[in-house]
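# using only what follows, build the 3D model:
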Amino acid sequence: MIVGVCTVELLLSDSRSLKDKRRVLLRLKDRLHGQFNLSVAEVDGQDLWQKAVLGLACVSNEGRHANQVLDQALNLIRSDPTVELIQVKMELL
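The predicted model follows:
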């Protein structure tokens, strides 16, 4: 069993309140879970309006598959105009 874990730091420059931030993140987390069956959670920066750190995780029987799923998820995040990807850390366990 392989667990793919990815931590992404995001900038939400249009966010003016925590409510704005939650709205954007909820939509993004729902898309990631729905399209890739990933577990997604905000793991840091909960009290900041314009910064978020999301943790993404998937379980697979092959490391190549887990890496591919996480790469596709990162492409989805990069294509979202409401967030800017600042930093990515990915590892397979």
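
# how far does the helix or strand where R31 lies sit from the chain's center?
Assigned by DSSP states H and E, R31 belongs to helix 18-36. Distance of helix 18-36 from the chain centroid (CA atoms, centre = their mean, to the nearest Å) equals 9 Å.

# quick one: name whatever helix or strand follows that helix.
strand 39-44.

# strand partners (parallel or antiparallel) of that next one?
strand 51-60 (antiparallel) (DSSP bridges).

# in terms of secondary structure, what does the very next helix or strand once past the partner strand contact?
Downstream of strand 51-60, the next assigned helix or strand under DSSP H and E is helix 63-79. Based on contacts counted as 3 or more CB pairs under 8 Å, 6 or more residues apart in numbering; DSSP states H and E, the elements that helix 63-79 packs against are strand 2-11, helix 18-36, strand 51-60, strand 84-92. Bear in mind the C-beta positions are built from the backbone N, C-alpha and C, glycine included.

# contacts for helix 63-79?
Contacts of helix 63-79 with the rest of the structure, by CB atoms under 8 Å, 6 or more residues apart in numbering, involve 2-4, 6, 8, 10, 28, 31-32, 35-36, 38, 56, 58-60, 83, 85, 88, 90, 92.

# just the buried residues of those.
With burial judged by 16 or more other CB atoms under 10 Å, the buried subset of these is 4, 6, 8, 10, 28, 31-32, 36, 38, 56, 58, 60, 83, 90, 92.

# quick one on the thing from earlier: if we go by neighbour counts, what in the helix holding R31 is buried?
Quick answer for helix 18-36 (16+ other CB under 10 Å): K21, V24, L25, L28, K29, R31, L32, F36.

# I figured the last one was touching C58, is that so?
Yes - with contacts defined as CB atoms under 8 Å, F36 counts as touching C58 at a distance of 7.0 Å.

# can you state the direction angle for the helix holding R31 and strand 2-11?
Interaxial angle, helix 18-36 versus strand 2-11 (axes from the mean of the first three to the mean of the last three CA atoms, to 10 degrees): 150 degrees.
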